[in-house]
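**Q** I would like to see how this sequence folds:
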Amino acid sequence: MCPRWGSEHGGTSPMTDSEGWKERRNRVARYRVMEHETTDPLAARLLHDIVQDLEAELEGSRKASALMLHERRYWRSVSN
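**A** Below you'll find the predicted structure:
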């Protein structure tokens with residue numbers, strides 16, 4: 001059985017950063033597999049859109065994390 005969009009896409013369970021990244025990458029991989037395995041054209045298109053959204057979300061999270069890390073390093077260097 002496939003996970004429902006709402007339960008996977010905006011869960012509120014607390015995770016560490018590495019667990020969060022791993023889960024997000026795994027989620028993208030699962031939807032990619034479903035996209036390639038389905039024979040229904042509409043389902044394939046919907047899954048393709050979901051994969052694109054999840055990849056964009058993952059990329060946005062990566063950029064936000066990189067920015068936060070940069071800011072932390074900056075404030076550490078200023079305070080020393």
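**Q** ok, longest helix in the protein?
**A** The longest helix of the chain (DSSP state H) is helix 41-79.
**Q** model confidence over that helix, on average?
**A** The average pLDDT within helix 41-79 is 84.
**Q** before we move on, what about stretch 25-34?
**A** pLDDT averaged over stretch 25-34 gives 92.
**Q** Now do it: distance to the chain's middle.
**A** When C-alpha coordinates are averaged (C-alpha atoms, centre = their mean, to the nearest Å), stretch 25-34 and its chain have centres 10 Å apart.
**Q** In it, which residues are buried?
**A** By neighbour count on 16 or more other C-beta atoms under 10 Å, the buried set for stretch 25-34 is 27-28, 31-32, 34. Bear in mind the C-beta positions are built from the backbone N, C-alpha and C, glycine included.
**Q** And the residues you listed, which is closest to residue 66?
**A** residue 28 (18.7 Å; C-beta to C-beta).
**Q** For that closest one, which non-adjacent residue is closest in space?
**A** In space, and not counting its chain neighbours, residue 28 is closest to residue 54: 4.8 Å by C-beta to C-beta, 6 or more residues apart in numbering.
**Q** how far away is residue 43 from residue 26?
**A** Taking C-beta to C-beta, to the nearest Å as the measure, residue 43 falls 20 Å from residue 26.
**Q** repeat for residue 20
**A** Counting by C-beta to C-beta, the gap from residue 20 to residue 26 is 11 Å.
**Q** Repeat that for residue 67.
**A** 24 Å.
**Q** so how many other residues sit close to the residue nearest to residue 28?
**A** Neighbour count of residue 54, defined by other C-beta atoms under 10 Å: 20.
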